[in-house]
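*Asks:* only geometry, no sequence info:
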């Protein structure tokens, strides 16, 4: 089991995980591989990934909401705790893996309306991803929703199509490329490069 958090809070890239789905960490790696590939091809460097800050949204997977106990007081305390941390450190790219992690961040940042457990389908998360990329602003924290699970289900291709809204689009390539484009656009304002490469 992954510990509560790892990496550096001062790092500009954070990944928030639902502790009920440890596979989420595995689904982040192929996305990161696509980001690194595009960054290397365009900039001949790589992102220093050792410091990416990973955190379980809540300390105990048993308090992750379901349809019966949606957002109990224990989760509200976790939201307050994460709000304090994120407002102190102000990450530039805050990636949520799955519906719960995304709604958790929406509540941290007080984005209304609050949504229930069924609201974040694959297609809806895909639309939110598109909106986040379109409105990306390096001067603030950008919440980027990704899926917590892709390859484990029988509807692997459908997942790609629902999220990416394009038949045959590879999910990992699609989201990794989109994220890489934003990182490359803002390369001068992100202290994330291996060997402290400067582009100023």
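*Replies:* Good, I have the coordinates. Computed from a predicted model, the values in this text were never measured in an experiment. Residues are numbered from 1 along each chain as shown.
*Asks:* show me what secondary structure element comes after the worst-scoring helix or strand of the chain on mean pLDDT.
*Replies:* Least confident helix or strand of the chain, by mean pLDDT, DSSP states H and E, is helix 156-164 with a mean of 48. Next in sequence after helix 156-164, counting helices and strands by DSSP states H and E, comes helix 171-185.
*Asks:* go through that next one and flag the buried ones.
*Replies:* Going by neighbour count (16 or more other C-beta atoms under 10 Å), the buried part of helix 171-185 is 171, 172, 173, 174, 175, 176, 178, 179, 180, 181, 182, 183. Using the backbone N, CA and C atoms, a C-beta is placed for each residue, glycine as well.
*Asks:* separation between the residue positioned nearest the centre of the chain and residue 186?
*Replies:* Taking C-alpha atoms, centre = their mean, the centroid of the chain lies closest to residue 95, which sits 1.7 Å from it. According to C-beta to C-beta, to the nearest Å, residue 95 and residue 186 sit 15 Å apart.
*Asks:* what does residue 76 give?
*Replies:* Here residue 76 is placed at a distance of 33 Å from residue 186 (C-beta to C-beta).
*Asks:* same question for residue 126.
*Replies:* Distance from residue 126 to residue 186, by C-beta to C-beta: 23 Å.
*Asks:* the two - which one has more neighbours?
*Replies:* Counted by other C-beta atoms under 10 Å, residue 126 and residue 186 do not tie: residue 126 has more neighbours, with 23 against 18.
*Asks:* what strand or helix carries that one?
*Replies:* Residue 126 belongs to helix 122-134, assigned by DSSP H and E.
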